[in-house]
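Enquirer: got a predicted model here, sequence first, then my questions.
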Amino acid sequence: MYNKIIFLAESVPKGRVFAMDTQTLITIGIQLLNGLILAIALGFILYKPLKNFMKNRTEKIQNQIDDTDAKMVKAKELMAEYNKKIDDIDKERIEFLEDARLKANNERKIILEQARQEADEIKKRSLESVLADEKRLQEETRLTIIELASLMAEKYITQTIDQKTQNKIFEETLAQMEGAKWQG
């Protein structure tokens, strides 16, 4: 091979590395024609499959993007639904607490009213008991006073009135009692 390079180097005219003669131009033309034929042949042979491959790949990527977008929309809908459910749960919790607070307040009012009624009943019974005791004491006091008064009157009468006057008063009282109607 080294010999070939030397031979080629000697065939070039002196002082020129690259000669632009007809042989070189024909060779360049043939190579350009070969490149063009090869490009056209490869274009016919490979263009449609490459175009279909690229089209399929583009469609596949677009389908993945569309699926991803649909999943994102669905995920956003689910997030919105869950957020709504959380808000509903919060509202329910607030309503439940408010309802419990109202029930507790109503029960407190009922218990306080019952306690007031019981206190009023106890007060009424105590008052009735005090009034009954007062009446009983008044009656006992009246009876005691009557008894004492009759004892004092008897003592006074026995000391100041003689037997004849006592008999006369006794008969008058007896007559008045016989004339009065007895209540039965």
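Expert: Received, thanks. Numbers count the residues shown, from 1 in each chain.
Enquirer: which strands or helices does the helix or strand hosting Lys135 pack on?
Expert: Per DSSP states H and E, Lys135 falls inside helix 22-160. For helix 22-160, the elements it packs on are helix 163-179, judged by 3 or more C-beta pairs under 8 Å, 6 or more residues apart in numbering; DSSP states H and E. (C-beta placed from N, C-alpha, C; glycine too.)
Enquirer: angle of the helix it packs on against helix 22-160?
Expert: 130 degrees (axes from the mean of the first three to the mean of the last three C-alpha atoms, to 10 degrees).
Enquirer: buried sites along helix 163-179?
Expert: Buried residues in helix 163-179, defined by neighbour count with 16 or more other C-beta atoms under 10 Å: none.
Enquirer: how far off centre is it?
Expert: 95 Å (C-alpha atoms, centre = their mean, to the nearest Å).
Enquirer: what do you get for stretch 120-129?
Expert: Worked out by C-alpha atoms, centre = their mean, stretch 120-129 lies 47 Å from the chain centre.
Enquirer: what average pLDDT does the helix holding Lys135 get?
Expert: Confidence over helix 22-160 (mean pLDDT, whole number) is 89.
Enquirer: middle-most residue in the chain, spatially?
Expert: For the chain, Arg93 is the residue whose C-alpha lies nearest the centre (C-alpha atoms, centre = their mean; 1.1 Å).
Enquirer: do you know how far that residue is from Asp87?
Expert: For Arg93, the distance to Asp87 equals 11 Å [C-beta to C-beta, to the nearest Å].
Enquirer: cool, and Ala80?
Expert: 10 Å.
Enquirer: so what does Asp162 look like in phi/psi?
Expert: Geometry field for Asp162 lists phi and psi as phi -90, psi 180, criterion degrees, to the nearest 10.
Enquirer: neighbours of it, how many?
Expert: Other residues lying near Asp162 total 9 when counted by other C-beta atoms under 10 Å.
Enquirer: let's have the chain start at 51 instead
Expert: Renumbered: residue one is now 51, and that last one reads Asp212.
Enquirer: distance check, it against Leu96.
Expert: Here Asp212 is placed at a distance of 170 Å from Leu96 (C-beta to C-beta).
Enquirer: do Ile196 as well
Expert: Noted for Ile196: a distance of 145 Å to Leu96, by C-beta to C-beta.
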